[in-house]
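Trainee: Sequence below, structure please.
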Amino acid sequence: MPVAAEPESQTRFALGIEYDGRHFCGWQTQPSGCALQNHLERALAGVHGAPVNTVTAGRTDAGVHAVAQVVHFDAVNFRPEHAWVFGTNHRLPSGMSVLWAKVMPADFHARFGAVERTYRYVLLNQPVRPALLAGRAGWIHGNLDADLMIEAAHWLIGEHDFSAFRAAECQARTPVRDIRAVNIWRQGACVQFEFRANAFLHHQVRNMVGALVWVGLRRRPPDWIGEVLQGRDRTRAAATFAADGLYLADVRYDDRFGVPARPDQGPLALFPAAP
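Mentor: A predicted model of the protein is given here:
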């Protein structure tokens, strides 16, 4: 009898990635090849010399940005970490860059191993639309009351059924998520919202921002957020806010994996930090 061939050994790698979501049709692979995943896998295959399949921490929508996206893949042909960074970047379009690469143990999983994710929404609150920051920050011209939004945000913290803030096409098995912190701060015309949770539902952050903005515009009182949350009815909440100002800002893993922390001087350093 012929002897079965032994499986080829593989090495698991993790990558840290930043991107400008305006240039792509979202993360998840598309038949047209326009998605971030399509571009990344083509570039990685050029370095690897064979096809590469990636798994990501967060499947961001079209127009959503990232400063700390994390992916993993298994390589049959070993390449040093610097080759995955510089070789891949050489093959990627502008608007997307690999920041770091790291050999990982076989049990590292970019999606299921993430213990916490942080999204930040950058919103310009000024009378005229932005030009230089168009597509990289949201915009609203009505005067927002940050104190009212901070008060309203307390209703979102904790483990809840977030059906009222979930997209109709969301494929998550459960609408329950654990929001661990919500920070809102204003400096000049820049209002920022930062949400930290175990995970997020499809459009959840943009839907929460939309609801908080209604409170900030005094269209609803702060406790309306609690009513919407408890009602679990998406039709009672505000419209989904624009993707322009949304950034995947951080993904955390067990310390044993040694995943690099998000860069303190990355793109979000352009906007005022929390006081």
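Trainee: all helices of the stretch 1-150 of the chain, in order?
Mentor: Under the criterion DSSP state H, counting those that start in this stretch, the stretch 1-150 of the chain contains helices at 36-48, 81-91, 146-153.
Trainee: so of those, which one's packed in deepest?
Mentor: Using mean count of other CB atoms under 10 Å, the stretch among the helices of the stretch 1-150 of the chain with the largest mean neighbour count is helix 36-48, at a mean of 21. Bear in mind the C-beta positions are built from the backbone N, C-alpha and C, glycine included.
Trainee: thinking again about what came up before, looking at the helices of the stretch 1-150 of the chain, which is closest to His160?
Mentor: Among the helices of the stretch 1-150 of the chain, helix 146-153 comes nearest to His160, with 12.9 Å by CB to CB.
Trainee: The most centrally placed residue in the chain and Phe108: what is the separation?
Mentor: Nearest to the mean C-alpha position of the chain, by CA atoms, centre = their mean, lies Leu248 at 2.9 Å. According to CB to CB, to the nearest Å, Leu248 and Phe108 sit 18 Å apart.
Trainee: Also Phe73?
Mentor: In terms of CB to CB, Phe73 sits 11 Å off from Phe108.
Trainee: do Asp20 as well
Mentor: 27 Å.
Trainee: Same question for Pro275.
Mentor: Plainly put, Pro275 is 36 Å away from Phe108 if you go by CB to CB.
Trainee: of the two, who's got more company?
Mentor: Neighbour count, other CB atoms under 10 Å: between Pro275 and Phe108, Phe108 has more, with 22 against 6.
Trainee: Can you name the residues that contact the nearest residue to the more buried one once chain neighbours are set aside?
Mentor: What sits nearest to Phe108 in space, not counting adjacent residues and going by CB to CB, 6 or more residues apart in numbering, is Phe257, at 5.5 Å. By CB atoms under 8 Å, 6 or more residues apart in numbering, the contact set of Phe257 is 14, 104-105, 108, 113.
Trainee: Quickly name whichever of these is closest to Asp223.
Mentor: Nearest member of these to Asp223, counting by CB to CB, is Gly113, at 37.0 Å.
Trainee: Could you identify the buried members of the contacts of Phe257?
Mentor: When the contacts of Phe257 are checked for burial by 16 or more other CB atoms under 10 Å, the buried set is 14, 104, 108, 113.
Trainee: Now distance to His154 and pLDDT too, for these, in TSV please.
Mentor: Formatted as TSV, the buried ones among the contacts of Phe257 follow (distance: CB to CB, whole Å; pLDDT from 0 to 100):
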residue	distance to His154	pLDDT
Ala14	35	98
Met104	37	98
Phe108	35	98
Gly113	30	97
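Trainee: Quick check: of those, which lies closest to Pro31?
Mentor: Of the buried ones among the contacts of Phe257, the one sitting nearest to Pro31 (CB to CB) turns out to be Ala14, at 27.2 Å.
Trainee: Surely that closest one is in contact with Asp74?
Mentor: No: if you go by CB atoms under 8 Å, Ala14 and Asp74 don't touch, sitting 11.0 Å apart.
Trainee: which stretches of the stretch 101-250 of the chain form strands?
Mentor: 116-125, 138-140, 158-161, 176-187, 190-197, 246-252 (DSSP state E, counting those that start in this stretch).
Trainee: Any chance of those strands in JSON lines with mean pLDDT and distance to Phe271 as columns?
Mentor: Formatted as JSON lines, those follow (pLDDT from 0 to 100; distance: least, CB to CB, whole Å):
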{"stretch": "strand 116-125", "mean pLDDT": "96", "distance to Phe271": "5"}
{"stretch": "strand 138-140", "mean pLDDT": "97", "distance to Phe271": "12"}
{"stretch": "strand 158-161", "mean pLDDT": "97", "distance to Phe271": "27"}
{"stretch": "strand 176-187", "mean pLDDT": "96", "distance to Phe271": "9"}
{"stretch": "strand 190-197", "mean pLDDT": "96", "distance to Phe271": "6"}
{"stretch": "strand 246-252", "mean pLDDT": "96", "distance to Phe271": "9"}
